[in-house]
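S.K.: Sequence first, predicted model second:
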Amino acid sequence: MTKQKGKVYLVGAGLGDVAYLTVKAYHLLAQAEVLVYDALIDAQLLELVPSDCLKLDVGKRGGKPSTSQVEINNLLVKHCQQNQKVVRLKSGDPFIFGRCTSEIEALKKADCQFEVVPGISSALAAPLLAGIPLTDPVLSRCFAVFTAHEPEALDWESLSHLETLVILMGGRNLPEIVHQLLRYGRSHLTPIAIIRWAGTPQEKIIIAQLGNILEETAGESLSPVVIVIGEVVGLRRYLQSENID
């Protein structure tokens, strides 16, 4: 019998905790022959793959050593061409700052089959688990999600006028974020939430205002965090569940 042709699944792991993994992702992990995973993946997820699955840690965490994107692309193509079922496990959702374009281009160029499997993005889940709604009929009729990894590339004047901002990869540049928003007219009293390790036992939430958030986070590790800025942060006291501190 001819072995089934290889295929690569670009899978979103969500927040990292197994509890927030999709059912489809769970089944794909259980069948994986090769697992190529990022550094922010919860170690419990590695226990879901078969014992003989080849596990390849490619890093991809800010400031830490990681495998180059070209090498990752080559790994995916190589194992797919060896007729293996490959799971490329990414934090959050693959198409939200997941850098999938390069991997998909490499797979298509090599005529490899692939499928993208959505995951729950921390941009949506972290505020929810913290009791912060991103929309509200009065306080927030829209919200923007962006990464502050390169703050100099952002249009801060436009962003400052939006009611609610959700910022990923912004912990290291928090001083610049605060500076730019205040510079373009955001009030010092604007509520801000820093959500670290959302949806995990290590979760920590800091609530403050733009004017004092740098003091409140002095000495804190701010990676990985989701930052929420806007009046909706103030709704947390009314909407959080009883088991939230």
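M.R.: That came in fine, so what should we check first? Residues are numbered from 1 along each chain as shown.

S.K.: where does V87 land in three-state SS?
M.R.: The three-state label given to V87 by DSSP: H, G, I helix; E, B strand; the rest coil is strand.

S.K.: looking at it, it is touching A30, isn't it?
M.R.: No. Shown here, V87 and A30 do not form a contact pair, counting by CB atoms under 8 Å, at 9.9 Å. All C-beta atoms are positioned from the backbone trio N, CA, C, and that covers glycine.

S.K.: neighbour-wise, which of those two wins?
M.R.: Shown here are V87 and A30; by other CB atoms under 10 Å, V87 has more neighbours (26 against 12).

S.K.: Who's the closest spatial neighbour of that one, skipping the chain neighbours?
M.R.: A32 (4.2 Å; CB to CB, 6 or more residues apart in numbering).

S.K.: Can you give me the distance of that neighbour to C100?
M.R.: 18 Å (CB to CB, to the nearest Å).

S.K.: Looking at those two, which is more packed in?
M.R.: A32 (23 against 19).

S.K.: show me what contacts that one?
M.R.: If you count contacts by CB atoms under 8 Å, 6 or more residues apart in numbering, A32 has them with 49-50, 53, 85-87.

S.K.: again, 6 Å this time
M.R.: 49, 53, 85, 87 (CB atoms under 6 Å, 6 or more residues apart in numbering).

S.K.: Then V232?
M.R.: Counting by CB under 6 Å, 6+ apart, V232 makes contact with 132-133, 136, 139-140, 164.

S.K.: Now the residue positioned nearest the centre of the chain. Nearest residue, chain neighbours left out?
M.R.: Geometric centre of the chain, nearest residue: G92, 4.1 Å, by CA atoms, centre = their mean. Of all residues not flanking G92 in the chain, S121 sits nearest, at 4.5 Å (CB to CB, 6+ apart).

S.K.: ok, that neighbour touching I96?
M.R.: Yes. Applying CB atoms under 6 Å as the test, S121 and I96 come out as touching, 4.7 Å apart.

S.K.: Could you point out which residue ranges in this protein have low pLDDT?
M.R.: Scanning the chain for pLDDT under 70 picks out 1-4, 40-41, 60-64, 242-245.

S.K.: Longest helix in it, by number of residues?
M.R.: Longest helix of the chain, by residue count under DSSP state H: helix 69-81.
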